[in-house]
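Peer 1: only geometry, no sequence info:
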């Protein structure tokens, strides 16, 4: 269950040139913006503007820091996201415009190529202990608030706010412990059969 090392993260320009993203993980390793099947990143958003478009990609966003933002979709609908909001999933093909609520934010972004993979993200709270088995080809845990440890029953990995770790063995047991409370994001990635 490796905790991803920030020293291995890549800082990359946004596809539309409007900012930068810290890329934490891509599959296959070394894939570029046109060939990735999975991309996990964190972005600092400092000004309002359009999102980069990614054809054939499904995206999920979670606000990690800042007051939040409102996303305006092509159909006229709008979604306001803050630090406590549920993960928001949308098609990367669609035009989306972001407006900041009050200053810069940092978000966490998961993208999967829908012809190959799909993903599911949800917030989970841990008070004490939580056990689950890795679903699909990959499970990820991002610490949104608090401290926790992850264990496979033998080795423990300490996790702090902003840490991200992965489990890539299907059905592997993951034991999460917190003291006293931690807010986490769990993302499961599945390959189409």
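Peer 2: Looks like it came in fine. Values in this document were obtained by computation on a predicted structure and should not be read as measured data.
Peer 1: quick one, phi psi at the residue in the chain sticking out farthest from the centre?
Peer 2: Going by C-alpha atoms, centre = their mean, the residue of the chain most distant from its centre is residue 154, 26.7 Å out. Main-chain dihedrals, residue 154, degrees, to the nearest 10: phi -120, psi -60.
Peer 1: when you give positions from now on, start the count at 54
Peer 2: Taking 54 as the first residue, the last one we looked at is residue 207.
Peer 1: Outline the domain layout of the chain.
Peer 2: With domains defined by automatic domain parsing, the chain comprises 59-166, 170-244.
Peer 1: so where is this protein shaky, pLDDT-wise?
Peer 2: Segments of the chain classed as low confidence (criterion: pLDDT under 70) are 54, 69-72.
Peer 1: What is the burial count for the closest residue to residue 119 other than its chain neighbours?
Peer 2: Leaving aside its sequence neighbours, residue 119 sits nearest to residue 158 (C-beta to C-beta, 6 or more residues apart in numbering; 3.1 Å). In short, each C-beta sits where N, CA and C put it, glycine included. The number of residues packed near residue 158 is 22, by other C-beta atoms under 10 Å.
Peer 1: So residue 158 is in contact with residue 120, correct?
Peer 2: Yes: with contact defined as C-beta atoms under 8 Å, residue 158 reaches residue 120; the gap is 7.0 Å.
Peer 1: rewinding a little: any idea how far the residue nearest to residue 119 lies from residue 191?
Peer 2: Using C-beta to C-beta, to the nearest Å, residue 158 is found at 26 Å from residue 191.
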